[in-house]
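build me a structure from this.
(one chain, ligands or ions: 3)
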Amino acid sequence: MVPASSPLQNESLIASAFDLALRRGSVHPVLQPIVHLNGGAVSSFEVLARWTDETLGIIPPAVFIPIVEKRGLIAPLTSHLIREACSAAREWPGLFRLAFNISPLHFQDGEMPSLLEDAVRDARFPLARTQIEITETAVIGDLAAARATIDILRAKGVRILLDDFGTGYSSLSRLQALPFDKIKIDASFVGSMERSRDSRKIVSAVIGLGQNLGVPVVAEGVETVAQAAILIRLGCSFGQGWLFGRPVSMKEIPAILHERGTAPYDPPPRGLSISQRLAQLDAVYAAPLGLCFVSHDLRILSANPYFAAMMGQDAGTIVGLTIPEIDADVASHLRANLEHARRGEIILPRVWTLRPSKRRGLLIVTPACDEIGELLGLSLMVTDLSG
Ligand code: C2E
Ligand code: CA
Ligand code: CA
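Ligands and ions are numbered 1, 2, ... in the order given. Okay, here's the model as predicted:
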């Protein structure tokens, strides 16, 4: 490891050792599979830099990449990794992509697209089977320049992935303004999903955002079967992490391809957000049907206009009200339903005369649980039986 001394000394030491290491070939790529969560086939491989120095030992990328970037040595590193990975990958079967990390400063360098193109072409690998991973820092500032670079690359078939989403700036306007092909949720949220409800909410929101924008989402840092199950349930398309395979040297890749196979085509994002589901149900049911979702304190989180009418409320103002404010009988019925749901008992449909509108309605209540089975609230469906 790097000897303990002042950070600045370490930095100079690393920078000069790196220059030599690159020329001697002691920096090399390792590849980690990114798989379809549905079925497990390989979609792409992320290329990650590894450096074992003759004198300094193993230096992790989190240590040397920022220094290399700062000292202006990132272009030769990226070019070297692209050439090595592409030369090996052209012999492998299947239509996977190769994904290269492009650091923020390098992304802003006008020469970067031609560096990528030259290195890929020299290695005789199809440019249209490559992808770059950039973080939001790369596109902060000059949005027009970022858009121009992305357009140049996409026109040549290179796909653009937004890395580490959820950390840093995570601006929705940038997400909308730039045509990303995939969004990667940062490993920190995925890793804490099982124990932290807030992390689950963030992961769920990012997946929902991807679904609404039509951009598939990759979850990184997937280490357990339970995490994969949550992600599948949330409708996430792709996974990456130790569960599916650690970053490995290139000689190990053919065996991975043999075992998993490849599925290159990006699937349309699966699943719909709550509002989309409501709109879809609304459209599917020919019969007038009131639809509503209430939280466990019986607050209305979403409702269609027909539900509002059945409850004698205005469609524009019903969201945010609580059921007890509208109809005390229905409220006590729903409280009993919540208890049934908590005990795992079946909730039977029931006919009501809804007090505010005086209509007779058939009320069907379904408990809504989150990804690990915790009760979030109730879905209500009401059909008008008055006629
Ligand atoms: P990143 O782009 O977010 O890469 C993902 C990191 O998570 C990698 O760390 C990978 O080895 C690690 N990882 C993958 N699956 C798991 C998992 O299931 N659990 C855990 N705990 N970790 C997992 P690595 O290889 O140490 O790279 C760290 C960072 O260094 C990368 O983060 C990236 O920002 C940078 N980096 C690595 N290689 C390159 C490169 O060639 N160019 C540039 N510009 N940056 C690179
Ligand atoms: Ca990455
Ligand atoms: Ca990350």
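
how many residues are close by Lys358?
Neighbours of Lys358 under the rule other Cβ atoms under 10 Å: 9. For glycine as for every other residue, the C-beta is placed from the backbone atoms N, C-alpha and C.

need the pLDDT of it.
Note for Lys358: predicted pLDDT of 85.

again, but for Ser6
Predicted confidence (pLDDT) for Ser6: 60.

which residues in the stretch 251-387 of the chain form helices?
Using DSSP state H, counting those that start in this stretch, the helices found in the stretch 251-387 of the chain span residues 253-260, 274-284, 305-310, 323-326, 328-342.

so which of these gets nearest ligand 3?
Closest approach to ligand 3 among the helices of the stretch 251-387 of the chain (Cβ to the ion): helix 253-260, 21.1 Å.

residues contacting the closest one, please?
For helix 253-260, contacts defined as Cβ atoms under 8 Å, 6 or more residues apart in numbering pick out 31, 33, 35, 40-42, 45, 88-89, 92-94, 96, 245, 248.

10 Å - rerun?
For helix 253-260, contacts defined as Cβ atoms under 10 Å, 6 or more residues apart in numbering pick out 30-33, 35-36, 39-43, 45, 85, 88-89, 91-94, 96, 244-245, 248, 262.

give me every residue in the stretch 101-250 of the chain lying close to ligand 2.
Proximity of the stretch 101-250 of the chain to ligand 2 (Cβ under 5 Å from the ion) is limited to residues 101, 133, 163.

okay, and the last one sits in which element?
With elements delineated by DSSP states H and E, Asp163 resides in strand 159-165, which encompasses its position.

how far away from the center of its chain is that strand?
Distance, stretch centre to chain centre, for strand 159-165: 9 Å (Cα atoms, centre = their mean, to the nearest Å).

and for stretch 181-199?
8 Å.

quick one: the residue of the stretch 201-350 of the chain found nearest ligand 3 from Leu231, how far?
Distances between the stretch 201-350 of the chain and ligand 3 by Cβ to the ion are smallest at Glu220, namely 5.5 Å. According to Cβ to Cβ, to the nearest Å, Glu220 stands 11 Å off from Leu231.

could you do Phe18 as well?
Distance, Phe18 to Leu231, by Cβ to Cβ: 36 Å.

and if you look at Val225?
Per Cβ to Cβ, Val225 is found 11 Å from Leu231.

show me which of these two is the more surrounded one.
Leu231 (25 against 9).

for the one residue in the chain that gets nearest to ligand 1, what are its contacts?
Nearest to ligand 1 in the chain, going by Cβ to the nearest ligand atom, is Gly241, at a distance of 3.1 Å. With contacts defined as Cβ under 10 Å, 6+ apart, Gly241 is in contact with 32-35, 187, 190-191, 219-224, 227-228.

show the buried residues in these.
Buried members of those, scored by 16 or more other Cβ atoms under 10 Å, are 32-35, 187, 190-191, 219-222, 227-228.

these: which ones sit near ligand 1?
32, 187, 220-222 (Cβ under 6 Å from any ligand atom).

among those, which ones are in strands?
Cross-referencing those against strands under DSSP state E gives Gln32.

find the nearest non-adjacent residue to the residue of the chain closest to ligand 1, please.
Computed as Cβ to Cβ, 6 or more residues apart in numbering, the closest residue to Gly241 that is not its neighbour in sequence is Val222, at 3.3 Å.

quick one, phi/psi of the one you found?
phi -80, psi 120 (degrees, to the nearest 10).

so it makes contact with Phe189?
No - Val222 lies out of contact with Phe189 (Cβ atoms under 10 Å); the separation is 11.2 Å.

give me the neighbour count for Ile102.
25.

and what of the one 3 residues further on?
Other residues near Leu105 come to 15 when the count uses other Cβ under 10 Å.

dump the residue contacts of Cys64.
For the record, residue 64 is Phe, not Cys. Neighbouring residues of Phe64 by Cβ under 10 Å, 6+ apart: 2, 11, 14-15, 17-18, 21, 27, 49, 51, 53, 56, 73, 77.

would TSV of the residues you listed with pLDDT and neighbour count be doable?
TSV is the format used below for these (pLDDT from 0 to 100; neighbours: other Cβ atoms under 10 Å):
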residue	pLDDT	neighbour count
Val2	51	18
Glu11	88	17
Ile14	92	22
Ala15	92	16
Ala17	94	19
Phe18	94	24
Ala21	94	22
Val27	96	23
Ala49	98	21
Trp51	97	23
Asp53	91	19
Leu56	89	18
Leu73	92	16
Leu77	97	22
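
what is the helix or strand containing Phe18 packed up against?
Here Phe18, judged by DSSP H and E, is contained in helix 7-24. For helix 7-24, the packing partners by 3 or more Cβ pairs under 10 Å, 6 or more residues apart in numbering; DSSP states H and E come out as strand 27-36, strand 42-53, strand 57-59, helix 61-70, helix 74-89.

hmm, that helix touching ligand 1?
No - counting by Cβ under 6 Å from any ligand atom, ligand 1 has no neighbours in helix 7-24; the shortest distance is 11.9 Å.

below-threshold pLDDT in the stretch 51-200 of the chain: ranges please.
For the stretch 51-200 of the chain, applying pLDDT under 70 flags the ranges 170.

before we move on, back to that, list the residues that contact both of Glu220 and Leu231?
With Cβ under 10 Å, 6+ apart as the test, Glu220 and Leu231 both reach 185, 190, 238-239.

the stretch 1-150 of the chain against ligand 1: which residues are in contact?
32, 48-49, 60-62, 65, 81, 101, 103, 133.

in TSV, list the residues you listed along with distance to Met112.
Converted to TSV, these look like this (distance: Cβ to Cβ, whole Å):
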residue	distance to Met112
Gln32	23
Leu48	19
Ala49	16
Pro60	24
Pro61	19
Ala62	22
Ile65	16
Leu81	14
Asn101	12
Ser103	10
Glu133	13
